[in-house]
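Participant: generate coordinates for the sequence data below:
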Amino acid sequence: MPLDSLPFELLSEILDSTRDVETLHQCVLVCSTFKEAALPSLYRTITLKTVHQMDEGLHFGALETLDKYVYLRPYVREVKFLFVLSDYARRTRRTSSGHQVPQNLWVNSLAKLPNITSYTFCHIPFFSFPQSQNRFLPIPHEQIELTVAALANCSLLDELNLLYRATPSDISRLNRLKNVHTIRLGLPSREVLVAVRPWIEQCDSFSVRDAYALDSLATIRPHVSNLSMLHIGPHHALSNRDLLQLLHCTSKLQELDLFYDNFLNVQLLNKDDRSSLGLKNLHKLVVRHQGVSNKSQFMELFTWLEAVISASPLTSISILSDDSRECNFAMPLMNLLAKKPQLDFLNIPQVVLRHPSLRTLFGRLNNLRVLSIMLVDVNVLSFHTSASPGELNFNLSALYLRSSKTTCPYSLVTPQLRQTISSLRGSPGYLRRLCQEKQTWKALWTSASQTGRGGIDPLKDEYGLYSNATEEDGW
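Facilitator: Sure, this is the predicted structure:
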């Protein structure tokens with residue numbers, strides 16, 4: 001079909017499904033038709049970055065464009081406010097010298113965006129210093145107050161991401177946004193966690209990226225019973241037993257992302273520790289662990305995991321090693337996962353699978369759609385040759401592969417994988433190598449040639465999350 005005869009509605013629908021900003025930018029430059037079709041998708045997410053202070057206040061290019069093309073305002077769904085440290089220092093000096101900061105005209109422009117659903121406050125590190133020293137820095141209180149005033153009538157605003165050093169007074173101001181049901185904190189202090197507790201009780205989703213202040217169950221346990229999504233990142237002080245006790249209060253959970261710190265753990269000996277939590281609504285689970293290295297520690301992790309998922313209708317699970325420790329004891333985990341026939345997403349990039357493990361996966365998990373694994377031996381890919389006719393079911397649409405072993409070069413993996421998949425599904429599908437450094441490589445196999453998957457991180461491709469919990473957008 002000639003490009004000029006493509007219906008505008010169809011073109012708009014195609015571009016609306018595109019999440020790559022650079023692609024949308026290029027579409028705007030093609031022609032006037034492409035520009036009109038791509039602009040609504042391009043302005044689905046806007047970024048407000050403080051880079052200088054004009055005489056009449058802060059200026060943001062995105063808001064100025066929206067003031068010029070007012071028909072784009074209803075398409076804006078997500079706003080990211082990026083505060084620059086150098087600008088903060090300059091503003092502080094100007095205020096302390098008696099210079100009156102003029103009226104910020106951007107507030108009125110922001111208030112005219114009726115369909116904002118997510119707002120992010122983020123402090124950009126000042127790169128002259130180590131990033132760890134500037135990862136979460138304050139944003140002036142007046143900036144928070146102006147933003148709250150602009151968003152006060154935005155009835156669709158459901159999500160707040162506070163990726164800066166928030167204060168209890170900031171929480172008090174932001175709590176005036178009554179429709180917010182998702183709160184994500186970067187590095188909250190204990191005082192902030194106390195201030196936010198009444199708000200958590202009204203929320204559906206709560207996340208703490210760096211949980212230094214989470215030093216006891218009493219901090220949040222009485223306030224999480226209504227949550228459908230909970231994320232607790234690294235650096236908390238909760239043992240495996242503490243985490244189980246916390247989850248006993250979260251029967252409504254549908255999504256769970258936890259950091260399992262083996263350095264804090266105690267042995268799960270008594271019957272209450274090992275009993276099912278009754279998470280009958282849990283569908284998606286991400287466990288990020290550190291300090292788990294030997295067989296007994298992995299067995300303890302799997303025992304803990306069984307208590308978490310035994311009663312759940314789990315469809316997605318990721319088990320990720322924060323310190324890149326490999327698990328060479330896969331069968332207990334495979335036997336546990338085999339009890340979840342509805343599982344369709346399995347992300348275990350540090351678990352070493354061998355013939356019995358792969359036969360268990362493809363023999364018991366008939367709905368498995370996405371799989372991410374590590375290869376240590378190319379001969380593992382011939383697991384199907386020892387299976388009985390009809391024993392295995394291969395319904396994958398995406399297979400993420402990685403290896404760091406000299407025993408598993410990519411040049412040998414390619415023909416063996418194609419042969420195996422052809423035997424299981426009748427056609428070889430599509431395989432591409434994504435990166436290679438010395439003996440380390442990553443590859444993605446897909447059943448279709450065009451899937452929109454980046455291939456590096458299955459969590460990002462599937463849910464927009466990151467396997468690395470320290471990524472800026474990961475939860």
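Participant: where do the helices sit along the stretch 351-475 of the chain?
Facilitator: In the stretch 351-475 of the chain, the segments counted as helices under DSSP state H, counting those that start in this stretch are 355-364, 410-425, 458-463.
Participant: I misspoke; the intended subject was the stretch 101-250 of the chain.
Facilitator: Remark: helices of the stretch 101-250 of the chain, listed N- to C-terminal, are 106-111, 141-151, 168-174, 190-200, 240-247; assignment by DSSP H, counting those that start in this stretch.
Participant: keeping just the C-alphas, turn the shortest one into CSV.
Facilitator: Listed next in CSV are the C-alpha coordinates belonging to helix 106-111 (Å, rounded to 0.1, in the frame of the first residue of the first chain):
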residue,chain,number,x,y,z
TRP,A,106,4.9,27.5,34.0
VAL,A,107,2.5,26.7,36.8
ASN,A,108,-0.5,27.9,34.8
SER,A,109,0.7,25.9,31.8
LEU,A,110,1.0,22.7,33.9
ALA,A,111,-2.4,23.3,35.3
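Participant: by contact count, what packs against it?
Facilitator: Contacting helix 106-111 under the criterion 3 or more CB pairs under 8 Å, 6 or more residues apart in numbering; DSSP states H and E are the following elements: helix 61-68, helix 141-151. For every residue, glycine as well, the C-beta is placed using N, CA and C.
Participant: what about that helix, average pLDDT?
Facilitator: Computed over helix 106-111, the mean pLDDT rounds to 91.
Participant: list the contacts of it.
Facilitator: Residues external to helix 106-111 that are found in contact with it (CB atoms under 8 Å, 6 or more residues apart in numbering): 48, 57-60, 63-64, 66-67, 79, 146-147, 149-154.
Participant: I'd like to know which of those residues are buried.
Facilitator: The neighbour count (16 or more other CB atoms under 10 Å) marks 48, 58-60, 63, 66, 79, 146-147, 150-151, 154 as buried among the contacts of helix 106-111.
Participant: now the two most distant members of these.
Facilitator: 59 and 154 (21.4 Å; CB to CB).
Participant: of the helices of the stretch 101-250 of the chain, which approaches residue 6 most closely?
Facilitator: Set against residue 6 and scored by CB to CB, these come closest in helix 106-111, at 33.7 Å.
Participant: chain center to that closest one, what's the gap?
Facilitator: The chain centroid and the centroid of helix 106-111 are separated by 29 Å, computed with CA atoms, centre = their mean, to the nearest Å.
Participant: kindly report the same for stretch 231-245.
Facilitator: For stretch 231-245, the gap between its own C-alpha mean and the chain's C-alpha mean amounts to 19 Å (CA atoms, centre = their mean).
Participant: go on, stretch 300-309?
Facilitator: Between the centre of stretch 300-309 and the centre of its host chain there is 22 Å, according to CA atoms, centre = their mean.
Participant: and residue 297, which of the helices of the stretch 351-475 of the chain is closest to it?
Facilitator: Between residue 297 and the helices of the stretch 351-475 of the chain, the shortest gap by CB to CB is with helix 355-364, which sits at 19.0 Å.
Participant: what mean pLDDT does the closest one get?
Facilitator: 91.
Participant: buried sites along it?
Facilitator: Going by 16+ other CB under 10 Å, helix 355-364 has these buried residues: 355, 357-362, 364.
Participant: with stretch 15-33 instead?
Facilitator: Within stretch 15-33, the residues that qualify as buried by neighbour count (16+ other CB under 10 Å) are 15, 24, 27-28.
Participant: all strands of the stretch 201-350 of the chain, in order?
Facilitator: Along the stretch 201-350 of the chain, the stretches classed as strands by DSSP state E, counting those that start in this stretch are 205-208, 229-232, 255-261, 284-290, 316-321, 345-352.
Participant: output the below-cut-off pLDDT ranges for the stretch 351-475 of the chain.
Facilitator: By pLDDT under 70, the low-scoring segments of the stretch 351-475 of the chain are 465-475.
Participant: tell me, please, the helix or strand in this structure that averages the lowest pLDDT.
Facilitator: The helix or strand of the chain with the lowest confidence, counting by mean pLDDT, DSSP states H and E, is strand 53-54 at a mean of 47.
Participant: picking that back up, now the helices of the stretch 351-475 of the chain as a markdown table including distance to residue 208?
Facilitator: Output for the helices of the stretch 351-475 of the chain, formatted as a markdown table (distance: least, CB to CB, whole Å):
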| stretch | distance to residue 208 |
| --- | --- |
| helix 355-364 | 33 |
| helix 410-425 | 39 |
| helix 458-463 | 18 |
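Participant: among the ones you listed, which is nearest residue 443?
Facilitator: For these, proximity to residue 443 was assessed by CB to CB; helix 410-425 is nearest, at 6.7 Å.
Participant: still on that earlier bit, in a markdown table, list the buried ones among the contacts of helix 106-111 along with pLDDT.
Facilitator: Compiled in a markdown table, the buried ones among the contacts of helix 106-111 are given as follows (pLDDT from 0 to 100):
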| residue | pLDDT |
| --- | --- |
| 48 | 89 |
| 58 | 59 |
| 59 | 59 |
| 60 | 79 |
| 63 | 89 |
| 66 | 91 |
| 79 | 95 |
| 146 | 92 |
| 147 | 94 |
| 150 | 94 |
| 151 | 95 |
| 154 | 92 |
